[in-house]
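**Student:** Sharing a sequence plus its predicted fold:
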Amino acid sequence: MEGLEQTARLLHMIRERGFKPGDKLPSERDLALEFSMSRSAVREGLIRLDTLRIIESRPKSGIYLQPYGAERSIEAMVLFAETNTPLSAAEVAQSVELRSVLETEALRLACARRTQEDLQRLQELLAQSEAVVKRGDSLADLDAEFHKAIVAATKNDVLLRFINVFYRMSRQRREIYFDTPMQSKRSHAQHLQLYRAIEQQDVEAGLRILRRHLKGVDTYFRMFFSEGPGADAGAPPAATPSGRGAPGKGKAA
């Protein structure tokens, strides 16, 4: 069994049984029996959750669920997304807010620091995107690559790492977001506008376009990343209802 699947099963067990922060979890032996897994496989999954500060293994005491707070690793949030274990409402709202803050500053820096190589990379992505749009295919992957290329133009590798985390977290949701050709077409059109602003080093125009570009995304990810706006920020992750849909006209990811 793959490591991610082991970890996913443990996360789903925690969610479905309603464990609260501080609660003691079943022992490694009991989990192995319940999941029909070897103890070494269970141990591997538990070590990963411990490393990400989701659980705490206390010698001679047991395994305990950690609080959902600032101590939790960002990688834990990525793991939740990759295993379809929803984030809390607060984590969703704060993640979307952080993305907006970081990409806004990235746009400013990219306008000032972009090189011909950066512009060429953006042009290549736009050409690929145009072909995708003409075929009526999804722009999900190229959308992420375009935004990351803008951040790469800032020449700030730490900033790029933070943005990479968000796009890893949002991969599955973006695939749903771009499930219609019209959504890909709208996003591509706004990417073209962003490129022109960066090329001309027009920060104010770029910021206007970016704010409009990200506005609909906030609502979308709050809806599909979590249980919804009424979710209890301190509660354990719960199942997300499946659904499809896109924000209103003119809004892109």
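**Tutor:** Structure received.

**Student:** what separates residue 23 from residue 208, distance-wise?
**Tutor:** 48 Å (Cβ to Cβ, to the nearest Å). Placement of C-beta: from N, CA and C, glycine included.

**Student:** Then residue 61?
**Tutor:** 56 Å.

**Student:** who has more neighbours, those two?
**Tutor:** residue 208 (13 against 9; other Cβ atoms under 10 Å).

**Student:** what residues are up against the more buried one?
**Tutor:** Residues near residue 208 by Cβ atoms under 8 Å, 6 or more residues apart in numbering: none.

**Student:** how far away is it from residue 217?
**Tutor:** From residue 208 to residue 217 the distance is 16 Å (Cβ to Cβ).

**Student:** Next secondary structure element downstream of the lowest-mean-pLDDT helix or strand in the chain?
**Tutor:** Counting by mean pLDDT, DSSP states H and E, the chain has its least confident helix or strand at helix 74-82, which shows a mean of 73. As assigned by DSSP states H and E, the chain's next helix or strand after helix 74-82 is helix 89-113.

**Student:** What is the distance between that next one and the centre of its chain?
**Tutor:** 13 Å (Cα atoms, centre = their mean, to the nearest Å).

**Student:** Please apply the same query to stretch 38-53.
**Tutor:** Its chain's average C-alpha position is 23 Å from that of stretch 38-53, according to Cα atoms, centre = their mean.

**Student:** tell me the mean pLDDT for it?
**Tutor:** Regarding stretch 38-53, the rounded mean pLDDT is 88.

**Student:** Output it as CSV - backbone C-alpha positions only.
**Tutor:** Output of stretch 38-53 as CSV, limited to C-alpha atoms (Å, rounded to 0.1, in the frame of the first residue of the first chain):
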residue,chain,number,x,y,z
SER,A,38,1.1,-4.6,8.8
ARG,A,39,2.2,-2.7,11.9
SER,A,40,5.2,-1.3,9.9
ALA,A,41,2.8,0.2,7.4
VAL,A,42,0.6,1.7,10.1
ARG,A,43,3.8,3.0,11.8
GLU,A,44,4.9,4.7,8.6
GLY,A,45,1.6,6.5,8.3
LEU,A,46,1.7,7.6,12.0
ILE,A,47,5.2,8.8,11.6
ARG,A,48,4.2,11.0,8.7
LEU,A,49,1.2,12.5,10.7
ASP,A,50,3.5,13.0,13.7
THR,A,51,6.1,14.8,11.5
LEU,A,52,3.3,17.1,10.2
ARG,A,53,2.1,17.8,13.7
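
**Student:** Which parts of it count as buried, going by neighbours?
**Tutor:** Within stretch 38-53, the residues that qualify as buried are 41, 42, 43, 45, 46, 48, 49, 52, counting by 16 or more other Cβ atoms under 10 Å.

**Student:** do the same with stretch 4-24
**Tutor:** The neighbour-count check on stretch 4-24 (16+ other Cβ under 10 Å) flags 6, 7, 8, 9, 10, 11, 14, 15, 19 as buried.

**Student:** elements contacting the helix or strand where residue 141 lies?
**Tutor:** Secondary structure assignment for residue 141, by DSSP H and E: helix 140-152. Applying 3 or more Cβ pairs under 8 Å, 6 or more residues apart in numbering; DSSP states H and E, one finds that helix 140-152 contacts helix 89-113, helix 116-135, helix 157-169, helix 171-177, helix 181-199.
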